[in-house]
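Asks: predicted model and sequence follow; I will ask about them next.
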Amino acid sequence: MTDLFQEPEDATPLQPNEREGLLQTWITHRRDLNEAEQENIVEGAAWVRGRRRVSLERMLSEEFIRTLHKRMFGDVWEWAGTFRTTERNIGVGAYRIGVELAGLLSDIRYWIEHETFPPDEIAIRFHHRLVAIHPFPNGNGRHARLAADLLIERLGGERFSWGGGSLGDVGELRARYVATLRAADNHDIAPLMEFART
């Protein structure tokens, strides 16, 4: 047995039917999967940044959220861009994903229009709630970080540093990131905001 589907302790494991969605047969170990996903994520980020300025209205749509995930993971996973249908150890019930996402996108539009929070805080709250909804079988944190980066850039700010390292690796940086998400779950957004800018 290989380590292909062995997830870090704080990650969400894939269900057997989701594992079958692996598109690239050369992937046999976890490091191969990480490499393929990272390459696809870079291509997805280049795709979105290479487009003419995406309107805020389009960016804050379910279609864009799904398309971004598909662009980030579609070369690796058949189900990329498709909402999960199974329950997880994190996230809302699968049947609530569409409703919760629509509520989040509506809140973000309202916060921007009414300047409810400063731009950095709007983008970080967007990130946190997108992770909390956990709409996809995998890649939710990476997807939400890129989505928050795109939003803050659209709002005139600089993209976030997210701790200044790789959050995909098991270690102290990932542990700090997860701790800041848990603090935000308990209504303390400050640690996540600080982490995003360090």
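Replies: That came through fine.

Asks: per-residue pLDDT, residue 108?
Replies: In this prediction, residue 108 carries a pLDDT score of 98.

Asks: that one and residue 126 touch, don't they?
Replies: Yes - using CB atoms under 8 Å, residue 108 makes contact with residue 126 at a distance of 5.3 Å. No exception for glycine: its C-beta is placed from N, CA and C like everyone else's.

Asks: identify the contacts common to the two.
Replies: residue 151 (CB atoms under 8 Å, 6 or more residues apart in numbering).

Asks: and the contacts of the longest helix belonging to the chain?
Replies: The longest helix of the chain (DSSP state H) is helix 30-50. Residues from elsewhere that reach helix 30-50, judged by CB under 8 Å, 6+ apart: 2-6, 22, 24, 26-27, 54, 68, 71-76, 139, 142, 146, 150, 168.

Asks: now stretch 142-159
Replies: Taking CB under 8 Å, 6+ apart as the rule, stretch 142-159 contacts 37, 41, 44-45, 48, 53-54, 56, 59, 65, 68-69, 72-73, 108, 112, 119-120, 122-124, 126-128, 130-131, 136, 160, 162, 167-168, 196.

Asks: please indicate which of the residues you listed are buried?
Replies: 37, 41, 44-45, 48, 54, 59, 65, 68-69, 72-73, 108, 112, 119-120, 122-124, 126-128, 130-131, 136, 160, 162, 167-168, 196 (16 or more other CB atoms under 10 Å).

Asks: I'd like to know which of the residues you listed are part of helices.
Replies: Short answer: these in helices (DSSP H) are 37, 41, 44-45, 48, 59, 65, 68-69, 72-73, 108, 112, 119-120, 122-124, 126-128, 130-131, 196.

Asks: returning to what we had before: mind checking which of the contacts of helix 30-50 are buried?
Replies: 22, 27, 54, 68, 71-76, 139, 142, 146, 150, 168.

Asks: least confident pick among the residues you listed?
Replies: Ranking these by pLDDT, residue 168 lands last with 69.

Asks: over to residue 20: give its phi and psi.
Replies: Dihedral angles of residue 20 (phi, psi; degrees, to the nearest 10) stand at phi -70, psi -10.
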